[in-house]
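[1] A predicted structure for the sequence below; I have some questions about it.
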Amino acid sequence: MFENLSERLSGVFDRLTKQGALSEDDVKTALREVRVALLEADVSLPVARDFVKKVQDQATGQSVLKSITPGQQVIKIVHDALIDTLRGEGDPGALKIDNAPAPILMVGLQGSGKTTTTAKLAKRLTEREGKRVLMASLDVNRPAAMEQLAILGTQIGVDTLPIVKGEDPVAIAKRAKTQAALGGYDVYMLDTAGRLHIDAELIAQAAAVRDVANPRETLLVVDGLTGQDAVNVATEFDDKIGVTGVVLTRMDGDGRGGAALSMRAVTGKPIRFVGLGEKMDAIETFDPERIAGRILGMGDIVSLVEKAQATMEAEQAERMMKRFQKGQFNMNDLRMQLEQMQKMGGMESVMGMMPGMGKMAKQVQEAGFDDKIIARQIALIQSMTKKERANPQILQASRKKRIAKGAGLEVSQLNQLLKMHRQMADMMKKMGKGGMLKQAMKGMF
Ligand code: GDP
């Protein structure tokens with residue numbers, strides 16, 4: 001899902017992360033590329049334009065350009081703007097089904113995954129919320145579709161309304177309502193007929209069913225792979241029938257994914273669920289943060305690898321690893337690590353991404369270790385002689401005083417650095433023995 005969009009955007013951001021200071025022009029250039037990437041991901045033009053404008057307004061603010069990591073800041077703004085555009089109001093997974101029996105109307109084009117989604121949601125309501133659900137197929141033109149729902153019902157252990165030949169959709173809806181009330185069901189789901197294209201008859205039929213059922217939720221199922229078409233379908237269904245939410249199916253495929261962004265921005269309708277496969281459990285509530293993170297490829301080890309690759313040669317990493325395994329970790333190594341961290345967006349960002357490092361990141365933070373300190377630590381190391389860097393254990397009081405003075409800092413700050421170095425050297429040694437270091441480094445480089 002979103003592979004193309006993610007790849008495109010990470011290309012743009014790579015360039016941003018590598019630069020130190022950004023000019024207003026840098027930001028503009030990068031955002032032009034973001035716009036192209038969005039358009040290629042099938043996000044509609046007005047949506048892409050609005051989105052970029054929103055980001056640009058914030059990204060060209062003084063605080064961003066003057067910050068230590070402007071590239072990272074711009075990425076964060078893009079990330080937040082994506083979430084903002086994708087997010088609906090309230091909990092997308094909370095269906096309004098309080099007054100039993102609550103009707104849920106399922107609409108959509110043929111082949112969108114409507115029947116599958118009806119069954120997936122019925123299963124979810126049954127298992128997670130302990131609801132008694134009755135499903136009914138109204139697709140009188142396609143007996144196979146009615147059979148399909150009955151088969152899925154048996155498979156997931158959810159009741160379906162018995163099929164009566166010759167009945168029209170409105171009559172079926174009425175029967176479902178009566179049956180649901182008599183049978184003590186909490187929810188009844190109406191799986192309406194789909195066509196390959198929207199036509200007057202399809203809409204008239206769905207509207208007639210809506211009028212008798214008076215649904216609490218009308219969920220439109222659309223194929224997430226159809227991009228811009230999905231957005232047009234949603235607009236039309238919402239105009240004619242009125243929908244309370246959208247389910248995007250086939251989000252497991254490698255579609256361009258821009259549909260999610262446009263869908264929300266153009267129709268104003270919340271995306272409630274995403275379909276992630278053919279199996280009955282392959283449905284999830286829509287999570288804008290996760291989708292935004294995925295679009296940007298942020299917050300996971302993959303992005304760490306990408307960043308590390310961009311800032312450090314593999315050979316250098318290999319050499320370093322060999323030395324660490326032998327327990328050799330001097331001030332030059334520490335300095336390289338610190339510089340690497342700076343390039344990669346600071347301490348917290350690096351540690352947060354490394355498996356198992358969460359606890360250490362917290363300790364480091366509690367010790368007041370922020371990114372300004374990284375710069376200070378590097379200054380201290382720079383102030384050491386070659387011999388001192390290779391053998392920090394020779395540092396006595398007079399040497400310490402000289403080094404601290406050279407860096408314009410206090411001896412206590414140097415002592416902190418030395419303590420950290422010792423702890424890291426110990427850890428490297430331990431990890432090297434257990435083979436953990438190799439694994440951790442493999443993950444990184
Ligand atoms: P309907 O005509 O809208 O009722 O569509 P169906 O529910 O019959 O689905 C059509 C096909 O799409 C079936 O083969 C489903 O298994 C498949 N399908 C439905 N949802 C998803 C999904 O989220 N991911 C994938 N990969 N396939 C899906």
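    Yes, it's here. None of these values were measured; they are calculated from a predicted model.

[2] Not counting sequence-adjacent ones, nearest residue to the closest residue to the ligand within the stretch 251-400 of the chain?
    Distance from the ligand to each residue of the stretch 251-400 of the chain (C-beta to the nearest ligand atom) is smallest for Gly275, at 2.5 Å. Yep, even glycine has a C-beta here, placed from its N, CA and C like the rest. Spatial nearest neighbour of Gly275, excluding adjacent residues (C-beta to C-beta, 6 or more residues apart in numbering): Thr249 at 3.5 Å.

[3] right, and that neighbour touches Thr118 too?
    No - using C-beta atoms under 8 Å as the test, Thr249 is too far from Thr118 to be in contact (11.5 Å).

[4] Tell me how many other residues surround Leu182.
    When neighbours are counted by other C-beta atoms under 10 Å, Leu182 registers 9.

[5] Correction: the previous question concerned Lys326.
    Counted with other C-beta under 10 Å, Lys326 comes out at 10.

[6] Can you give me the pLDDT of it?
    At Lys326, the model reports a pLDDT of 73.

[7] Would you check how far apart it and Asn332 are?
    15 Å (C-beta to C-beta, to the nearest Å).

[8] Kindly report the same for Val233.
    61 Å.

[9] So for the two, which sits in the more crowded spot?
    Legend: neighbour count by other C-beta under 10 Å for Val233 and Asn332, higher for Val233 (24 against 13).

[10] was I right about Leu246 contacting Leu219?
    To be clear, residue 246 is Val; Leu isn't right here. Yes - assessed by C-beta under 8 Å, Val246 is found in contact with Leu219 at 7.3 Å.

[11] So for these two, which residues contact both of them?
    Counting by C-beta atoms under 8 Å, 6 or more residues apart in numbering, the common neighbours of Val246 and Leu219 are Arg272.

[12] Those two - which one has more neighbours?
    The neighbour count for Val246 versus Leu219, taken as other C-beta under 10 Å, is higher for Val246 (31 against 24).

[13] State the helix or strand in which the more buried one lies.
    strand 245-249 (DSSP states H and E).

[14] which secondary structure elements does that strand contact?
    Applying 3 or more C-beta pairs under 8 Å, 6 or more residues apart in numbering; DSSP states H and E, we find strand 245-249 packed against helix 114-129, strand 217-223, helix 258-267, strand 271-275.

[15] CA-only coordinates of it in PDB, if you can.
    Extracted in PDB, the C-alpha atoms of strand 245-249 (Å, rounded to 0.1, in the frame of the first residue of the first chain):
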ATOM      1  CA  GLY A 245     -18.700   6.700   5.800                       C
ATOM      2  CA  VAL A 246     -16.400   5.000   3.300                       C
ATOM      3  CA  VAL A 247     -14.700   1.600   3.300                       C
ATOM      4  CA  LEU A 248     -11.600   1.500   1.100                       C
ATOM      5  CA  THR A 249     -10.900  -2.100   0.000                       C
END
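
[16] Now do the contacts for Ile198.
    Leu109, Val233, Glu236, Phe237 are the contacts of Ile198 under C-beta under 8 Å, 6+ apart.

[17] Mind giving me the PyMOL select for those, buried ones only?
    A single PyMOL command is used to select the members of these judged buried by 16 or more other C-beta atoms under 10 Å:
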select buried, resi 109+233+237
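
[18] Take the contacts of Ile198 and keep only those in helices.
    Of the contacts of Ile198, the ones assigned to helices by DSSP state H are Val233, Glu236, Phe237.

[19] Now do the host helix or strand of Leu134: distance to the chain's middle.
    According to DSSP H and E, Leu134 maps onto strand 133-137. Chain-centre distance of strand 133-137: 33 Å, with C-alpha atoms, centre = their mean, to the nearest Å.
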